[in-house]
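Next comes the sequence, and after it the predicted model I'd like to discuss.
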There are 2 protein chains.
Amino acid sequence: MTTHTRSQIESQMRAAGLKLTPQRFAVLDYLSRSSAHPTAEQIRIDLNRRFPRASRATVYNTLNALCRAGFVNAIYLDDAVGRYEAVINSHHHFVCRACGHIEDVPVEHVRALPQKGLRANRKVENYEIVMRGICDSCDERTTD
Amino acid sequence: MTTHTRSQIESQMRAAGLKLTPQRFAVLDYLSRSSAHPTAEQIRIDLNRRFPRASRATVYNTLNALCRAGFVNAIYLDDAVGRYEAVINSHHHFVCRACGHIEDVPVEHVRALPQKGLRANRKVENYEIVMRGICDSCDERTTD
DNA sequence: TCCTAATTTAGACTTATTCTAATCACCGCT
DNA sequence: AGCGGTGATTAGAATAAGTCTAAATTAGGA
């Protein structure tokens, strides 16, 4: 889907009518390296360990802008807190009910939903699946 | 699944170690009649039009208790706000990207996911699907 | 009826997110 | 180099969602 070299990002941003500021690049770079589905606050803390610094408002502005532009995806799972991820590949999510850990599940691992019900009486454009259960490490910890 | 006559609720509550207070019954009754996926605040406002009154804390306490007991389900969709529904039948959700309207989609309308990927490297106990697109009325409004 | 643990309550508090108004940075133009 | 304008960033205030506290009330069993 989206590739993340600086120049590609730059042109895609411009296409979306957005300037590529150091803060925006930093957020996107951070997210594209992370698989932790961090909250805005976590992103702010991690980012501010080094240049460029970003205020809370900027983190939110940036995340919203990147979401609108399609670079970033926000997810809301089991509490009233947004979590963010770079849009790199298409995937669903698995959440461990014991430790809360969130894992990506590539779409290839889940056979596509049949078109049938999807078209029923509304136009479904896309869908995401949240699976819940026990992750490997919690499972071991329980079974020992 | 769960039936909602007073006596059935009573015994199920008891089984869950919960007292059946007027507030709890009111919340559950309200939710089992609603298909609007209301927020806690919306529930509080609607409830307080008549007896029994419930404070904000009670609404949250009650919702959490009912969730734990399996009578109520909380969902988090596109913003940092919890929405609630009575657990009556098993269904997924459709969200209109234009008007935000949330619709239930019975599981029968969506062929079950294959077991394959689900079992991959974690124990999936259940899953929910959030479909997004355009609902009927927004579609008409656009197509006219 | 009486007792006790569970529940409700108002309001304070915490946390998540948005808003505001001022400053700052970049860009094209002179 | 200097100017002006648009858009971004900022600190901090404001709003909103949810939790906590300590005191008063109540459900439900003895």
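Arrived safely. These numbers were taken from a predicted model, which means no experiment stands behind them.

next helix or strand past the lowest-mean-pLDDT helix or strand in chain A?
In chain A, the helix or strand scored least confidently by mean pLDDT, DSSP states H and E is helix A:115-119, which has a mean of 57. Downstream of helix A:115-119, the first helix or strand assigned by DSSP states H and E is strand A:123-134.

which residues are in contact with the host helix or strand of residue A:7?
Using DSSP H and E, residue A:7 maps to helix A:6-15. Around helix A:6-15, the neighbours that count as contacts under Cβ atoms under 8 Å, 6 or more residues apart in numbering or on different chains are A:2, A:19, A:20, A:24, A:25, A:28, A:69, A:71. In short, each C-beta sits where N, CA and C put it, glycine included.

pLDDT score for residue A:3?
Per-residue pLDDT puts residue A:3 at 56.

on that earlier part again, and the helix holding residue A:7, what's buried?
Neighbour-count burial for helix A:6-15 flags A:9, A:12, A:13 (criterion: 16 or more other Cβ atoms under 10 Å in any protein chain shown).

from what I can see residue A:70 touches residue A:88, true?
No - Residue A:70 is beyond contact range of residue A:88, at 11.7 Å (criterion: Cβ atoms under 8 Å).

of the two, who's got more company?
residue A:88 (16 against 12; other Cβ atoms under 10 Å in any protein chain shown).

Tell me if the more buried one really is in a strand.
No - per DSSP: H, G, I helix; E, B strand; the rest coil, residue A:88 lies outside any strand segment and is coil.

pretty sure it contacts residue A:31?
No - applying Cβ under 8 Å, one finds residue A:88 not in contact with residue A:31, separated by 9.2 Å.

Spell out which parts of chain A neighbour DNA strand C.
A:19, A:39, A:40, A:41, A:56, A:57, A:60, A:64, A:80, A:81, A:82 (Cβ under 7 Å from any atom of the strand).

Report the lowest-confidence entry in these.
residue A:19 (92).

Next, find the distance separating it from residue B:88.
From residue A:19 across to residue B:88, the span is 50 Å (Cβ to Cβ, to the nearest Å).

again with residue A:104
32 Å.

Equivalent analysis for residue A:107, please.
30 Å.
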